[in-house]
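> fold the stuff below for me.
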Amino acid sequence: MSARVMVFAPAPILTVTIEQQTSAPELHLHPGGHGVWQARMVAALGVPVTICVAVDGEPGDILRQRLEHENVTVKSVPRGSPSGWYVHDRRGGSRHEIAQHPGEPLRRHDLDELYTLTLTEGLRAPVSILSGPADPGVIDPDVYRRLAADLTGNEVRVVADLTGEHLAAVVDGGASFVKVSHEELIADGRAADDRPETLLAAGRRLRADGAAAVLVSRAAEPALALFEDREVWVHPPALQVTEHRGAGDSMSAGVAAVLARGGDLTDAIRTGAAAGALNVTRHGLGTGRADAVAELATRVRFAPYGA
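Predicted coordinates:
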């Protein structure tokens, strides 16, 4: 099986952003959502990507066209209702939401078609990323449990970057690698606070519940990785933050890209940390250059927990 990553992005959204760098305002239309940003970074790292999506309506028409301009292979099914979208005004330097709609929940027939498409493409790749929707109500969490179980049961490694019931479902399905932020662990009730010992305990529970490896991101602080027989702090190189959004998606993408090439978890986590660090220096989400990530990866430092 050649190096390839399948990204399950069930409900991508159309992002409309107004910016102004000169005297005239600028309008930017892009496909968005965690899966899109993850696929973009995997492709930037030189690994072929197939993204499986459900799109429809006027936003879906534009999404499909814009996705074709990404360096990814797009596999899509109609979703029976218009795709989600948001409009942000960033002329003042920070994001101001004008309006948004995540889209209606995917219907049973549409989910059946999307599941079959995703399973087929996932079985053709050594690694799959299961990505969450913009709104958790768009898709039933059990879809993730079944996908994780069906893919891992057929020797496909599953990388998941999810929260809430969707995270619980994919862990129950036996995900190979789970990335989760400390804020998400607290919001989900898996951790009472952000103390290292509390986050470590939450990571251990995720592994006990079925996740083979866990990476807990901590914003600007070192991440905590639990894999094989190791529990380590992951120290990325210090860089100035331009846009923090998308860093976690780039981390997951970096992990998946290395695993797809047959690399080990140490190199995968190192590359993921470097990709996340690079992402915060850029306005574009899930963007970067492979040579920059490779250089930053040499500066990622591991330290045993408690050292």
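> what about the stretch 1-150 of the chain, any weak spots by pLDDT?
1 (pLDDT under 70).
> mind listing the strands for the protein?
Using DSSP state E, the strands of the chain run over 5-8, 13-19, 26-32, 49-55, 73-78, 83-89, 96-103, 127-131, 157-161, 177-181, 214-218, 221-227, 230-235, 301-304.
> turn those strands into a markdown table, including mean neighbour count.
Any C-beta I mention is one placed from the backbone N, CA and C, and that applies to glycine too. Shown next, in a markdown table, are the strands of the chain (neighbours: other CB atoms under 10 Å):
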| stretch | mean neighbour count |
| --- | --- |
| strand 5-8 | 30 |
| strand 13-19 | 20 |
| strand 26-32 | 18 |
| strand 49-55 | 27 |
| strand 73-78 | 18 |
| strand 83-89 | 21 |
| strand 96-103 | 15 |
| strand 127-131 | 31 |
| strand 157-161 | 27 |
| strand 177-181 | 26 |
| strand 214-218 | 24 |
| strand 221-227 | 22 |
| strand 230-235 | 18 |
| strand 301-304 | 12 |
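> compile those strands into a markdown table and extend it with columns for distance to Pro141.
Listed next are the strands of the chain as a markdown table, based on distance: least, CB to CB, whole Å:
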| stretch | distance to Pro141 |
| --- | --- |
| strand 5-8 | 13 |
| strand 13-19 | 19 |
| strand 26-32 | 22 |
| strand 49-55 | 16 |
| strand 73-78 | 20 |
| strand 83-89 | 18 |
| strand 96-103 | 16 |
| strand 127-131 | 11 |
| strand 157-161 | 12 |
| strand 177-181 | 14 |
| strand 214-218 | 19 |
| strand 221-227 | 23 |
| strand 230-235 | 28 |
| strand 301-304 | 33 |
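> got the end-to-end distance for stretch 203-214?
End-to-end span of stretch 203-214 (CA to CA, to the nearest Å): 6 Å.
> try stretch 275-295
10 Å.
> what is the rounded mean pLDDT of that stretch?
The average of the pLDDT scores along stretch 275-295 is 75.
> distance of Glu97 from Val36?
Here the criterion is CB to CB, to the nearest Å. By it, Glu97 lies 19 Å from Val36.
> which ones are touching Val293?
Residues near Val293 by CB atoms under 8 Å, 6 or more residues apart in numbering: 44-45, 254, 271, 274-275, 278.
> how deep is Asp193 tucked in, by neighbour count?
10 (other CB atoms under 10 Å).
> same check on Asp150?
With other CB under 10 Å as criterion, Asp150 counts 17.
> same check on the one 4 residues further on?
A total of 10 residues lie near Asn154 under the criterion other CB under 10 Å.
> adjust the sequence numbering to begin at 21 for everything that follows.
From this message on, residue numbering opens at 21, which makes the last subject Asn174.
> wait, it sits on Arg144?
No: if you go by CB atoms under 8 Å, Asn174 and Arg144 don't touch, sitting 10.8 Å apart.
> do you know how far the residue nearest the centre of the chain is from Thr138?
Centroid check for the chain by CA atoms, centre = their mean gives Asp269 as the closest residue, at 3.7 Å. Separation of Asp269 from Thr138 (CB to CB): 18 Å.
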